[in-house]
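> coordinates only, sequence not included:
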């Protein structure tokens, strides 16, 4: 059974940084993504990493986080990181890790973690 476990969430002041981690129990394909959902809002794609290219990897970011967030993966491909800088109150949400999907289309992802809360007080 595949398990994705997120960690690293917490409360941070506006302008601060956090790094989220997603531990994947077994290889589930080349694409891993982060999504987030704020109370009363739809789930939003944050970032994706695709390591299907043997010469490197491809990343994709949601427009609201591009330039502030960075997604990466360890060499063993068991952990995916989301480095979040210049955090804003509107980044407050539950952040979910997902695997085996396409781009930032949440309905295409098969495996999901339970989420980790990120809070940026206004």
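Everything's here; your move. Not measured: the values here are computed from a predicted model. Residues are numbered from 1 along each chain as shown.

> point out where this protein drops to low pLDDT.
53-55 (pLDDT under 70).

> in it, which residue is closest to the centre?
Centroid-nearest residue in the chain: residue 34, 2.4 Å away (criterion: Cα atoms, centre = their mean).

> check which helix or strand covers that residue.
According to DSSP states H and E, residue 34 maps onto strand 31-37.

> what residues sit buried inside that strand?
31-36 (16 or more other Cβ atoms under 10 Å). The way it works is simple: take the backbone N, C-alpha and C, and place the C-beta from them, glycine included.

> stretch 98-105 now?
So stretch 98-105, judged by 16+ other Cβ under 10 Å, has buried residues 98-101, 104.

> and these as CSV, adding distance to residue 23 and secondary structure?
Below are these laid out as CSV (distance: Cβ to Cβ, whole Å; DSSP: H, G, I helix; E, B strand; the rest coil):
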residue, distance to residue 23, secondary structure
98, 13, strand
99, 11, strand
100, 15, coil
101, 18, coil
104, 21, coil
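
> tell me where this structure has strands.
4-7, 10-11, 18-24, 31-37, 44-50, 58-61, 69-73, 79-84, 93-99, 111-112, 116-119 (DSSP state E).
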